[in-house]
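**Q** Make a model of this:
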Amino acid sequence: MEFILNFFGFVLVHLGSLVVLIATFFVLGRKLTSRIEFASAWEEISISCTLGYGATATILFGLGLIHQLGRSRTLCVLAVLHLVSVDVWRSTIRRLRAVESRPRPRYLVAGSIFVGVLIAPMFLMTLYPPTQFDATLYHLPTAAAFVHAGSLPFLEVLRYPVFPQLQEMLFVLGFFLTGEIAAQMTQHVALLLVSMILIAWGRFFSGGSVGIWSAALWLGNPLAVWLGGAAYVDIGLTLFVTAAFFAWYRWLTTERTSWLALAAAFIGFACASKYLGLFFLGVLAVATSVVSLRRRNIQAILAFAAVVLGIIGPWYARIVYFTGNPVFPYFTNVFGASAWSHHLTSGPAAQSPAHVTYWTHQLFEIYIHLEYLLMVPFNAVFARELFRFQAPISPWYMVLIPLLAYPMLRTRFGRWTTGLVVAYGFFWVATVRDIRFLLPIIPLAGLALASGADFGLARLRVRTSLRPVVESILVVSLVAPGWLYGWFKAGELGLPPTSARDRAGFLSQHVPGHEGIETLNRRFGSDFTVYALFAEDLRYYAEGRFLGDWFGPCSFREITPLLRHPLRLRAELHAIGAQYLLISKKGRRPETASPEVMAPHFSVVADTADAVVFRCHGCE
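**A** Next up, the predicted model:
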């Protein structure tokens, strides 16, 4: 009974954080959109929350720039924003009371129960301690460093010491509320907002079915469900990209500049979240220019550019200030290399562009890229080793793309969206073929498929009495893969730990090497510096100073050769201030690092199944 009470208390506390996040995003966003007329409640809530999502992160970014990013100051600023937006609260409460007084249709109760059951496993994913590689490597360590410093310093010990970090600012807010769980919940909010935008978009141009189907298909992606409970930035990026194209579509159909300004703001937030947003910025910039020139409305181009630059300018100016490279650490051939540079291969096209073999090779590359792109729906499910066994996308894409390709391309919207998806697909296969990086385009692809399904059903002339049944079965089927994946992961992991002791046990069980770091945490608190070899993802768990990565200062390539020379290794660790050395046993522990060889300059502090921790004599 005590365990049950603790668990429900744990859930309620973090549900409170979720409510605070959603309320803050909505109130701030609705205050900023007070002059915009929305076509539906779905549109009002989703667009307002998304704008508030980005605006809240921008406010925290501003506080960080002026070295005022403290918990009390931040929460006071947000409280003031709620007080300033009291008119929004009054209007919202009045409208909720009006809805409450109306007779409730039977389907509303059933629908509410369905939604609750649907999001339960997705919400549960947020309650587990972070174990995802990139989350513990740099996303959460970045946010934790910002919290500790109360500002936005250059974090030279991280793989990415400076980056577009809008989502990390929201992780900071999560730390100020209830810690790492609330940080992960910001991505859960983004996951749900994407589905709401799809519903609003579908209702706007084709009735309710298209939006509901596309939202179900989106939530049916195990990859989206997994990332919606992790401190990654991909779901947040997807939210801004989806919102930007929806707002741009609304501007296209209404010619209201306010919608274009929203599109510019959203795409600016996307670029401030991840460099991938720059691709979509280019697409929208070209599309806006073409439409504006046709309408002879140059002011629209200028307004779009002004809003985008106003939002991304400070973020990228900070990157340039620290590194001199606006897309650090990439494009080293233009901006110069650094200790954090990714050495990308330049490709085999060494011949002159005038040479016949050059163009032959380029055409062959296009063919290879097209084949790879066409196989993604299959490979993401059945050949997951190509994507490092990450969570798959929905298997429904394998069925729906060939089935709905013809009716989808019969609609203007379907052709426009398909062109965008294919263009981004080629960009994806030509750059980093990580399945997560396909996520920003998946909601638009689902919307196009749903519009094709609606077009096809209209031509089949399904009986009106049967259509609700067909649609309900379709929704349940589309959402099932993500829902089942959520419960599968919950069954695999067990119930989320609710105490510090249980958390440490959970992490030691699921994160190789954590037990070694936890030993140092228990013995020394934050008063230690450890160099971790081949265990860079343990960075977030160390309460003390943590060194070691493939990139940046003190890289593995500088330390690994010294394992054969313990005396020189001790001197190097002493020079960088490390008192302890953790070596992962993930198949890469050199035999020369055995305790016998390392003595007398090192002694074993902890020897676990996954890692060995040495104390460096004379390094204190």
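**Q** State the number of residues packed around Arg433.
**A** 15 (other CB atoms under 10 Å). Backbone N, C-alpha and C define where each C-beta goes, glycine included.
**Q** Tell me the secondary structure at it.
**A** Under DSSP: H, G, I helix; E, B strand; the rest coil, the three-state class of Arg433 is coil.
**Q** and it, how far is that from Val147?
**A** Separation of Arg433 from Val147 (CB to CB, to the nearest Å) stands at 34 Å.
**Q** what does the helix or strand hosting Leu400 rub up against?
**A** Secondary structure from DSSP states H and E places Leu400 in helix 396-410. Residues outside helix 396-410 that contact it (CB atoms under 8 Å, 6 or more residues apart in numbering): 217, 220, 377-378, 381, 414-415, 418, 445, 448-449, 451-453, 455-456, 459, 477-478, 481.
**Q** Out of the residues you listed, which end up buried?
**A** 217, 220, 377, 381, 414, 418, 445, 448-449, 451-453, 455-456, 478, 481 (16 or more other CB atoms under 10 Å).
**Q** least confident pick among these?
**A** In terms of pLDDT, the weakest of the buried ones among the contacts of helix 396-410 is Gly456, which scores 79.
**Q** neighbours around the nearest residue to that one once chain neighbours are set aside, how many?
**A** What sits nearest to Gly456 in space, not counting adjacent residues and going by CB to CB, 6 or more residues apart in numbering, is Pro407, at 4.1 Å. Number of residues near Pro407 (other CB under 10 Å) recorded here: 20.
**Q** Now do the buried residues in stretch 314-333.
**A** Across stretch 314-333, burial judged by 16+ other CB under 10 Å covers 315-316, 318-319, 322-323, 325-329, 332.
**Q** just stretch 416-427 next, same as before
**A** By 16+ other CB under 10 Å, the buried positions in stretch 416-427 come out as 416-418, 420-421, 424-425, 427.
**Q** swap in stretch 474-492?
**A** Buried residues in stretch 474-492, counting neighbours by 16+ other CB under 10 Å, are found at 474-475, 478-483, 485-486, 489-490.
**Q** which of those residues lies closest to His514?
**A** Lys489 (19.0 Å; CB to CB).
**Q** Excluding chain neighbours, what is closest to the closest one?
**A** Distance criterion CB to CB, 6+ apart; nearest residue to Lys489, sequence neighbours excluded, is Met125 at 6.6 Å.
**Q** So which elements touch the helix or strand harbouring Phe171?
**A** Counting by DSSP H and E, the element that carries Phe171 is helix 166-177. Here helix 166-177 touches helix 2-32, helix 41-65, helix 71-84, helix 140-149, helix 180-206, helix 234-254, helix 257-273, going by 3 or more CB pairs under 8 Å, 6 or more residues apart in numbering; DSSP states H and E.
**Q** how about TSV for those helices, with mean pLDDT added?
**A** Formatted as TSV, the helices and strands packed on helix 166-177 follow (pLDDT from 0 to 100):
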stretch	mean pLDDT
helix 2-32	91
helix 41-65	97
helix 71-84	94
helix 140-149	97
helix 180-206	94
helix 234-254	97
helix 257-273	97
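**Q** closest to Cys619 out of those helices?
**A** Proximity to Cys619 (CB to CB) singles out helix 140-149 among the helices and strands packed on helix 166-177, at 22.9 Å.
**Q** so that closest one versus helix 180-206, what angle?
**A** Put simply, helix 140-149 runs at 120 degrees to helix 180-206, going by axes from the mean of the first three to the mean of the last three CA atoms, to 10 degrees.
**Q** Just the buried positions in helix 140-149, please.
**A** Result for helix 140-149 [16+ other CB under 10 Å]: buried residues 140-147.
**Q** Which of those lies at the shortest distance from Arg557?
**A** Taking the buried residues of helix 140-149 together and measuring to Arg557 by CB to CB, the closest member is Pro141, at 21.4 Å.
**Q** if we can go back for a sec, centre of the chain versus the helix holding Leu400, how much separation?
**A** Here the centre of helix 396-410 is set off from its chain's centre by 27 Å, with CA atoms, centre = their mean, to the nearest Å.
**Q** Restrict that helix to CA atoms and write it as PDB.
**A** What follows is helix 396-410, C-alpha atoms only, in PDB (Å, rounded to 0.1, in the frame of the first residue of the first chain):
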ATOM      1  CA  TRP A 396       1.500   1.700 -41.700                       C
ATOM      2  CA  TYR A 397       3.600   3.800 -44.000                       C
ATOM      3  CA  MET A 398       4.600   0.700 -45.900                       C
ATOM      4  CA  VAL A 399       0.900   0.000 -46.600                       C
ATOM      5  CA  LEU A 400      -0.500   3.500 -47.000                       C
ATOM      6  CA  ILE A 401       2.200   5.000 -49.300                       C
ATOM      7  CA  PRO A 402       1.600   2.600 -52.200                       C
ATOM      8  CA  LEU A 403      -2.100   2.300 -51.500                       C
ATOM      9  CA  LEU A 404      -2.800   6.100 -51.300                       C
ATOM     10  CA  ALA A 405      -0.200   7.400 -53.700                       C
ATOM     11  CA  TYR A 406      -2.600   7.900 -56.600                       C
ATOM     12  CA  PRO A 407      -5.500   9.600 -54.700                       C
ATOM     13  CA  MET A 408      -3.000  11.700 -52.700                       C
ATOM     14  CA  LEU A 409      -1.400  13.000 -55.900                       C
ATOM     15  CA  ARG A 410      -4.800  13.900 -57.300                       C
END
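**Q** ends of stretch 583-597, how far apart?
**A** Using CA to CA, to the nearest Å, the gap from the first to the last residue of stretch 583-597 comes to 14 Å.
**Q** Could I get the buried residues of stretch 474-492 in JSON lines, plus columns for secondary structure and distance to Leu75?
**A** Formatted as JSON lines, the buried residues of stretch 474-492 follow (DSSP: H, G, I helix; E, B strand; the rest coil; distance: CB to CB, whole Å):
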{"residue": "Leu474", "secondary structure": "helix", "distance to Leu75": "44"}
{"residue": "Val475", "secondary structure": "helix", "distance to Leu75": "39"}
{"residue": "Leu478", "secondary structure": "helix", "distance to Leu75": "40"}
{"residue": "Val479", "secondary structure": "helix", "distance to Leu75": "36"}
{"residue": "Ala480", "secondary structure": "helix", "distance to Leu75": "40"}
{"residue": "Pro481", "secondary structure": "helix", "distance to Leu75": "39"}
{"residue": "Gly482", "secondary structure": "helix", "distance to Leu75": "34"}
{"residue": "Trp483", "secondary structure": "helix", "distance to Leu75": "35"}
{"residue": "Tyr485", "secondary structure": "helix", "distance to Leu75": "35"}
{"residue": "Gly486", "secondary structure": "helix", "distance to Leu75": "31"}
{"residue": "Lys489", "secondary structure": "helix", "distance to Leu75": "32"}
{"residue": "Ala490", "secondary structure": "helix", "distance to Leu75": "32"}
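**Q** farthest-separated two in the buried residues of stretch 416-427?
**A** By the measure CB to CB, Trp416 and Phe427 form the most distant pair in the buried residues of stretch 416-427, at 17.1 Å.
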